[in-house]
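Enquirer: Would you be able to build a 3D model of this:
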Amino acid sequence: MTNQKKGEHTFSIEMGSKRSLSHVSLSDESEGVLIKGELGKLQKIIHEEGLMVKIIGDLGVLRIDLTEEELGKMKREVKK
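Expert: All right, here's what the predicted structure looks like:
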């Protein structure tokens, strides 16, 4: 996963089974998309190579390309 444009981020969701997805909605009327599911019990959250946050559950994995610097900045802004 790499940034498509400067300042933009990508994500991926990998599920062990489609049964872990409870809702996927693609609407013709709006630009919105909704994906809901269960990652299960969280096993770990890691920051791979300082470039990607990886949230691992026993039912799936959520990946977001977010650097350690960006994550730290977001945490500081939330605390204000």
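Enquirer: wait, isn't E38 in contact with R19?
Expert: No - here E38 does not reach R19: they are 9.1 Å apart, not a contact under CB atoms under 8 Å. Backbone N, C-alpha and C define where each C-beta goes, glycine included.
Enquirer: For the chain, which residues score under the pLDDT cut-off?
Expert: 1-5, 80 (pLDDT under 70).
Enquirer: give me that answer again for 90
Expert: 1-9, 18-35, 49-51, 67-80 (pLDDT under 90).
Enquirer: OK, contacts around H23?
Expert: L34, I35, K36, G37 (CB atoms under 8 Å, 6 or more residues apart in numbering).
Enquirer: Return the closest of these with respect to D65.
Expert: D65 has its nearest neighbour among the contacts of H23 in I35, at 17.3 Å by CB to CB.
Enquirer: about what we covered before: quick one, which of E38 and R19 is more surrounded?
Expert: E38 (14 against 10; other CB atoms under 10 Å).
Enquirer: Now do the same contact list for that one.
Expert: S20, S22, G57, L59, G60.
Enquirer: quick one: it from K54, how far?
Expert: According to CB to CB, to the nearest Å, E38 stands 17 Å off from K54.
Enquirer: sorry, back to before: and the contacts of E38, which two are the farthest apart?
Expert: Pairwise distances among the contacts of E38 were taken by CB to CB; the largest, 14.0 Å, belongs to S22 and G57.
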